[in-house]
Structures are given as C-alpha cells and as structure tokens.
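Asker: got a predicted model here, sequence first, then my questions.
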Amino acid sequence: MTMLGTLLTAATLSAGWVVGWNLLERWRDQDASQELILGLQVGLDLLQGIQQHRGLGGQTSREAQQRRTALHQRLEPLWQLWDDDGQYRRWQEVRQAPTDLEAHCQLIENLLQRWRLLELRLRALHPQRPSLVEHCQAIENLGLIRGIGVRAAGHSRCPLELRVRLQYLCEQLLDGPLEPALAQALERLNKEVLDTPQVRLSPEGCYALLTPLIDARLEALRPLVRLERTKSSTSAAACG
C-alpha cells in the first residue's frame, strides 16, 4: 500500500470513528433526556397528589378519608419511580398526619427543589427549552390557597392567622392577570370565608371550588415537559 493509500485509509477510519462517536453521544443524550422527562412527569403527578392530600386533610368526612386512602394507593408506584428515600419517608409521616398543613408544604417545597434540578439538567442538554418550574410554583401558590382555605372553612369564623395568610396569597394572584373563573373563585372565597363574621363555605365546598382550577393548570403544563416539545423547539430554533 502506498503512503497515499495509507493516509486515505486512516482518514476514512478516523471519519468513521467520529461519526460513530457522535451517534453514540446523541443516543446517550436522548436516553438522558428521556429519563429526565420521566422524572419531571412523575414529579408533576406527585405534586398534584400531595396537594390534593393536603386539601383533603383539612376535611373530616368519610368521603375525604376514602379519597386520601385512594391517593395513597395511586401515589405509591410514583414514589418508587421518584426514588428519593428522604422525601418518601416524609410522605409516610404526612400520610399519618393529614391535618398537618406545614408538613405537606415542606414536602412540596423539597419536591419542587428536586424538580428544579432535573429541569436544569434537561435544559443543559436542550438550551432552547423554556423553564417551567415557575409555573409549578404558581400552581403551588394556588394549591396552598386551597389547603388553607379548606382549613379556614372548618371554623365558624376564619382564624386570624389563616386569614392573614390567605389574604396575602390572594393579593399576590390579584396583582397579575386573572382569568374570569379564578377571579370569581377568589371573590367567593373572600365573601364566604375571609370577609364575613360567619363562614358560609364548607371545607368540601372550598375544595370543590378550587380543585378544577388547579388541575387545569397542571394539565396544561404536562405537554410542555414531553420530549417532543423539546425536539420541536430545537428544530424551530435551528430553522430560524
């Protein structure tokens, strides 16, 4: 083989190695993306479940107890996928103390911290991907209004501590744009729980008032964490 032939062969092999390595890296990135996407989806499901458990924990009816039991069963496999022993232990404690508002809030805060880390890792692979964690926090703010509101509605008159927290959270929402359904729900919460000498909204009624609004926001967020969205965003950026 001539020197030229040797060089051409070496160049061909080198190019093949580069192409093969690039494909391997692409597959690795795709696998990592899929794993992170799954983590974000599981995190959203857990967020919804813990928030619902917090709201149901402020109710004493038999139906609320049955719904909490159903939640325990539904969330169990999700906790296995989430694979966080510390948060799972905290969840076991929360299950045994459904009325503990602050324990629920702390668990949700820890969950969102991990959600943020997963999202950062995913955005490192897909820089064009928008951040969604602030949307999760906005959902949690509304979920907290439900959790506090349900407990406030269990009193004949809203306790001062709960009223102050509710008013603060509601004012934060009112400072931004609101769709009519949410504005009406907050107005009803104010009239029937906060600004009244006699609470006129039951805990079950408060839960039913706010749950569809929270669930709608979660459902709107789910498609945004899917990998197809990342691919389309990246392709659009490349075309632009």
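Answerer: On my side now, so go ahead. Residues are numbered from 1 along each chain as shown.

Asker: show me the contacts for the most centrally placed residue in the chain.
Answerer: What sits nearest the mean C-alpha location of the chain, by CA atoms, centre = their mean, is Leu44, with 3.6 Å. Residues in contact with Leu44, defined by CB atoms under 8 Å, 6 or more residues apart in numbering, are 136, 218, 221-222, 225. Heads up, the C-betas are built off the backbone N, CA and C, glycines and all.

Asker: 6 Å - rerun?
Answerer: Residues counted as contacts of Leu44 (CB atoms under 6 Å, 6 or more residues apart in numbering): none.

Asker: what separates it from Pro130, distance-wise?
Answerer: 15 Å (CB to CB, to the nearest Å).

Asker: from Gln59, how far out is the residue nearest to the centre of the chain?
Answerer: Counting by CB to CB - Leu44 and Gln59 are separated by 24 Å.

Asker: what's stretch 153-160 in contact with?
Answerer: Identification of contacts with stretch 153-160 by CB under 6 Å, 6+ apart yields 152, 193-194, 199, 201-203, 206.

Asker: same thing but at 8 Å, please
Answerer: The contact list for stretch 153-160 (CB under 8 Å, 6+ apart) reads 58-60, 152, 162, 166, 193-194, 196-199, 201-203, 205-206.

Asker: one more: stretch 193-205?
Answerer: Outside stretch 193-205, the residues that reach it (CB under 8 Å, 6+ apart) are 58-61, 63-64, 149-158, 163, 166-167, 170, 188-189, 191-192, 206, 209.

Asker: any of these buried? List them.
Answerer: 58-59, 64, 149-154, 158, 163, 166, 170, 188-189, 192, 206, 209 (16 or more other CB atoms under 10 Å).

Asker: pLDDT averaged over stretch 130-150 - what is it?
Answerer: This predicted structure assigns stretch 130-150 an average pLDDT of 95.
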